[in-house]
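> A predicted structure for the sequence below; I have some questions about it.
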Amino acid sequence: MPDLLDQLDISLGVWIACFCAVTLSSGIQRLSGQAFGIVAAPLIALVAPQFLPAGLLLLGITVGLTSTAVDFSALTRAEIIPGFFGRALGAVGAAMIAASITNVDLIAGLTGIVVLIGIALSLSGLRVAIKPATLIIAGITAGLMGTITAVGAPPMALLYQHEPAKRARAMQNAFFFWGMCVSVLALAWQGLVTSKHLIFAGSLLPAIALGLAVSMPLANRLEKHAIRPYALGLSVIAAATLIARLLLG
């Protein structure tokens, strides 16, 4: 552990905080199909903003893959292609923008703003028809948000928030997995994925396993709305703290 902390240049307390954030957010992602980024990104940005967005996106690949596999039978394949296409377009554009941002505090502040926007979308109650055009637009928006701040789920969550729980969870997890992959590739293209990001993500893989293991017995008992208020409330506090720190610092 000391060698790991030396490589990452962080304290044990910071690593434990990140471990807890990833455990909590991966469990919520499995149960609801959203919130991994909304919960984990602001919490990690508070203690280790240097690992955003790439470190969290790398972890998201594992979360998305395992969560999607569980509900694979509920996927609607006709909706996958336009959503995937839009997400890839957004990721490429966002990576070019991210390459020009060198201030980690600015990224942390942007993360807080995006989280609040995402929560507002989640609570808006809007009904948006699920069709190729809206899937592409939501994908592009998610790609831009997710690649810069690691919070890309809200646009797709808006589309699927009124769908049956299992279908909504399956579709959002599939888009989440694809989004993590293309965002990481886009950031790597711009040279924004480093060995520290890889080590950070690798060290926190057990947190994902723990979060998923704890959530599995609860998946059939809890509807996605049962845990959402708590996840969103925690995210609001963390996001507001990030924004205040940026403005006051």
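Alright, I've got the coordinates.
> look up how far residue 6 lies from residue 83.
Noted for residue 83: a distance of 41 Å to residue 6, by CB to CB, to the nearest Å. Quick note: C-beta positions are derived from backbone N, CA and C, even for glycine.
> of the two, who's got more company?
Higher neighbour count among residue 83 and residue 6: residue 83, with 28 against 9, using other CB atoms under 10 Å.
> so the more buried one, which state does it fall into?
For residue 83, the assignment made with DSSP: H, G, I helix; E, B strand; the rest coil gives helix.
> and for the residue lying closest to it once chain neighbours are set aside, the neighbour number?
Spatially, and ignoring its direct neighbours in sequence, residue 83 is nearest to residue 135 (4.3 Å; CB to CB, 6 or more residues apart in numbering). Close neighbours of residue 135, defined as other CB under 10 Å, add up to 27.
> helix, strand, or coil at residue 192?
Quick answer, by three-state DSSP: residue 192 is coil.
> was I right about it contacting residue 95?
Yes: in this structure, residue 192 is within contact of residue 95 by CB atoms under 8 Å, at 7.1 Å.
> so between the two, which is more surrounded?
The residue with more neighbours, out of residue 192 and residue 95, is residue 95; 25 against 17, by other CB under 10 Å.
> quick one, what contacts residue 46?
Residue 46 makes contact with 17, 108, 238, 241, 242, according to CB atoms under 8 Å, 6 or more residues apart in numbering.
> mind pulling up the pLDDT for the third one?
When you say that, I think you mean residue 238. Looking at residue 238, its pLDDT is 87.
> can I get the CA coordinates of stretch 60-71 in CSV?
C-alpha atoms of stretch 60-71 as CSV (Å, rounded to 0.1, in the frame of the first residue of the first chain):
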residue,chain,number,x,y,z
GLY,A,60,-16.7,3.2,-15.3
ILE,A,61,-15.9,0.7,-18.1
THR,A,62,-15.9,-2.1,-15.6
VAL,A,63,-19.0,-0.9,-13.9
GLY,A,64,-20.9,-0.5,-17.1
LEU,A,65,-19.8,-3.9,-18.5
THR,A,66,-20.8,-5.9,-15.4
SER,A,67,-24.0,-4.0,-14.9
THR,A,68,-25.0,-4.4,-18.6
ALA,A,69,-24.3,-8.1,-18.6
VAL,A,70,-26.8,-8.7,-15.8
ASP,A,71,-29.8,-7.1,-17.7
